[in-house]
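> next input, structure requested:
(chains A, B and C)
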Amino acid sequence: MRTLRAGQTRIPRGLWTLFFIAALIVVVVLTTVRFQGTLNPHVPVTLSA
Amino acid sequence: MSAKTVAVQRFPRLHRATEQSFKSWNRIGSQMAFYVNTLGDVRFAIANYKSEMLRLVAGMSLGVGALAVIGGTVVIVGFLTLSTGAIIAVQGYNQLSGIGVEALTGFLAAYVNVRITAPATAGIALAATIGAGATAQLGAMRISEEIDALEAMAIRSVAYLASTRVAAGVLVVIPLYCIAVLMTFVAARVSTTAIYGQATGVYDHYFTTFLNPTDLLWSFMTATVLAVVIMLMHTYYGYTATGGPAGVGEAVGRAVRASLIVSAFTVLVISLAVYGQSGNFNLSG
Amino acid sequence: MTGLASAIRPFRAIGDFFAMSLDTFVLMFKPPFAWREFLAQSWFVARVSIVPTLMLTIPFTVLIVFTLNILLIEFGAADFSGTGAATAAVTQVGPVVTVLVIAGAGATAMCADLGARSIREELDAMRVLGINPLHSLVVPRVLAATCVSTALVSVVSIVGLAGSFFFSVFVQHVTPGAFAGGLTLLTGSSDVILGLVKGALFGMSAALIACYKGMSVGGGAQGVGNAVNETVVYSFMALFVINIIATAIFYVGPK
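Numbering: from 1, shown residues only, chains lettered A, B, ... in the order given. Just a heads-up that it's a prediction; the model follows:
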């Protein structure tokens, strides 16, 4: 294993950013699925619809 | 003369723009790496740095220096939530009396305060007090090279400084959030009953009917997640402060800005996911 | 004696602050006015505040509109979603987000800037040269923050209304015409003017607090960090108090 210089991380920083973006996408997808999943389709939303 | 050198010389502004975007990309990466390292070291920190954590819990809840004079985080959180709760009640009462249903102000207090006002205001207050304080302390330590001294003494600086603060923040937020929620309720009740003269029985009836214990638990969960996120962001900005004393001030400013935005989005995402489209809410039984 | 001295210190600080504010107000009308500094600071506060404003308005507005719409849909009164959204965006989210942005972004930047100058002894150098730092630095900053803060309230209101429209219509399936029609049911021009007045007051107070803490900083890096921390805390508290008082006066006052 190569020696780390100051400020370096074992996994390259660019790869960390990709992990972060993947985590963000997972959170957004889960929220959307959970949000949409509780929609009750046969209740009319407005009386003037 | 490689193609890259030629391109760099022919298109200097494009090169600079791409360099900047790569640097931003890598900066986000180092932030993520810092957060994962901090969270990973929390167990180590709790096991080995207990006295430091106790000191931090005391400092965070009752404040240090000038903030201790006004009563520390407890008073600030209480005051901010008191004022937001009061505004919701005042505005709500006035708007509802416009359509004649001011008796429902109690319901408004139970519904809006638990779901929106308390988590959002508590997040703001946390970011402003313990968050900014953590950034200021860590930034000053970084500038005066105390963090390098810690590393030289073979103390894990990330664990000793950042992980202890994250754990202390979570410990501190639970009682603080109790105070926050209580203050919103007290403010709403006092404004409606004492200032606008509504009967306490009416207010209490609608309040207790619509106060949902599950909502309260989700609210607490939101507050805990907020505490973790805010402490992580603020310790990062403090740990990586550069540029002398001015750099510390700038780091605190950037940290407060970023953490306010992230905490707003966190409250939104958690509310959308927890309450969903139906909202766990039933007006008529 | 030291106990008494440390107990008096906060009162001394408050007195100092009011003295500085009075000086600032008096010096506002004294020529020459620092136009270049005023424009530069306006642009600086606007540049620092615009992104946080957008990024804070959208989640808060969506959160409030989402919560209110659940309620209204339960009543079957989803047509009044526009009313609720307008009330929330203009009277609540507008002032609160402006407070957050001005106190969290604008005031900290101003305090860090003045604190850095104070640490570098630049303010002392100006005093030696016969330039009053209050006149040349604080007055333009206070006026710039007031103007930008008023503008920010309107930005927040518009972005809030637009965001709640898109969220209500496309996600919660409210009728767009009913949404737009109900906007002015409970919210009128007096609410908008109240919001703008609140914005001006917020900007002025936050800038005064930030400039005072920046100019009275001492103790190196730790001192600057503490000064910015205290700026954020005191600005939040002062601005929330101003919010309550302005709202109370508006509702209790002439009807």
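> wait, B:Thr209 touches B:Tyr111, no?
No: using Cβ atoms under 8 Å, B:Thr209 makes no contact with B:Tyr111, being 10.8 Å away. (Each C-beta comes from the backbone N, C-alpha and C, glycine too.)
> could you check which of these two is surrounded by more residues?
Taking neighbours as other Cβ atoms under 10 Å in any protein chain shown, B:Thr209 and B:Tyr111 compare with B:Tyr111 leading, 22 against 11.
> thought that one was touching C:Leu71?
Yes: with contacts counted by Cβ under 8 Å, B:Tyr111 reaches C:Leu71, the gap being 7.2 Å.
> for B:Thr84, give me its contacts.
For B:Thr84, the contact set (Cβ atoms under 8 Å, 6 or more residues apart in numbering or on different chains) comprises B:Thr117, B:Thr121, B:Thr184, B:Ala187, C:Val96, C:Phe240.
> wait, C:Val142
Counted by Cβ under 8 Å, 6+ apart, C:Val142 has contacts C:Thr24, C:Met28, C:Gly203, C:Met204, C:Ala207, C:Leu208, C:Cys211.
> gap between it and chain B?
For C:Val142, the distance to chain B equals 18 Å [Cβ to the nearest Cβ, to the nearest Å].
> skipping its backbone neighbours, what lies nearest that residue in space?
Of all residues not flanking C:Val142 in the chain, C:Ala207 sits nearest, at 4.4 Å (Cβ to Cβ, 6 or more residues apart in numbering or on different chains).
> quick one: residues contacting that neighbour.
Per Cβ under 8 Å, 6+ apart, neighbours of C:Ala207: C:Gly106, C:Ala107, C:Met110, C:Val138, C:Arg141, C:Val142, C:Ala144, C:Ala145, C:Thr146.
> next: C:Val48.
Counting by Cβ under 8 Å, 6+ apart, C:Val48 has contacts B:Arg257, C:Ala105, C:Gly106, C:Ala109.
> closest to chain A among these?
B:Arg257 (19.0 Å; Cβ to the nearest Cβ).
> distance check, that closest one against chain C.
Applying Cβ to the nearest Cβ to B:Arg257 and chain C gives a distance of 5 Å.
> helices and strands around the helix or strand containing that residue, which ones?
With elements taken from DSSP states H and E, the one containing B:Arg257 is helix B:244-275. Under the contact criterion of 3 or more Cβ pairs under 8 Å, 6 or more residues apart in numbering or on different chains; DSSP states H and E, helix B:244-275 touches helix A:13-37, helix B:118-126, helix B:132-143, helix B:213-239, helix C:35-75, helix C:107-119, helix C:220-252.
> state the distance from B:Thr200 to C:Ser164.
Separation of B:Thr200 from C:Ser164 (Cβ to Cβ, to the nearest Å): 34 Å.
> meant to ask about B:Arg43
Applying Cβ to Cβ to B:Arg43 and C:Ser164 gives a distance of 43 Å.
> for the two, work out which one has more neighbours and name it.
C:Ser164 (30 against 12).
> the more buried one touches C:Phe60, doesn't it?
No: taking contacts as Cβ under 8 Å, C:Ser164 lies outside contact range of C:Phe60: 10.2 Å.
> any idea how far B:Val228 is from B:Ile270?
B:Val228 is 12 Å from B:Ile270, by Cβ to Cβ.
> low-confidence stretches in the stretch 1-150 of chain C?
Residues of the stretch 1-150 of chain C that meet the criterion pLDDT under 70 lie in C:1.
> what's the burial count for the residue in it positioned nearest to chain A?
Per Cβ to the nearest Cβ, C:Ala78 is where the stretch 1-150 of chain C lies closest to chain A, at 4.3 Å. Using other Cβ under 10 Å, C:Ala78 has 27 other residues around it.
> measure it to B:Ile116 for me?
Taken as Cβ to Cβ, the span from C:Ala78 to B:Ile116 is 19 Å.
> now C:Val192
From C:Val192 to B:Ile116 the distance is 23 Å (Cβ to Cβ).
> which non-adjacent residue is nearest the residue in the stretch 51-200 of chain B that chain C sits nearest to?
For the stretch 51-200 of chain B, the nearest residue to chain C under the criterion Cβ to the nearest Cβ is B:Ala136, separated by 2.8 Å. Sequence neighbours aside, C:Gly225 is the residue nearest to B:Ala136 in space, at 2.8 Å (criterion: Cβ to Cβ, 6+ apart).
> many thanks, I have nothing further to ask.
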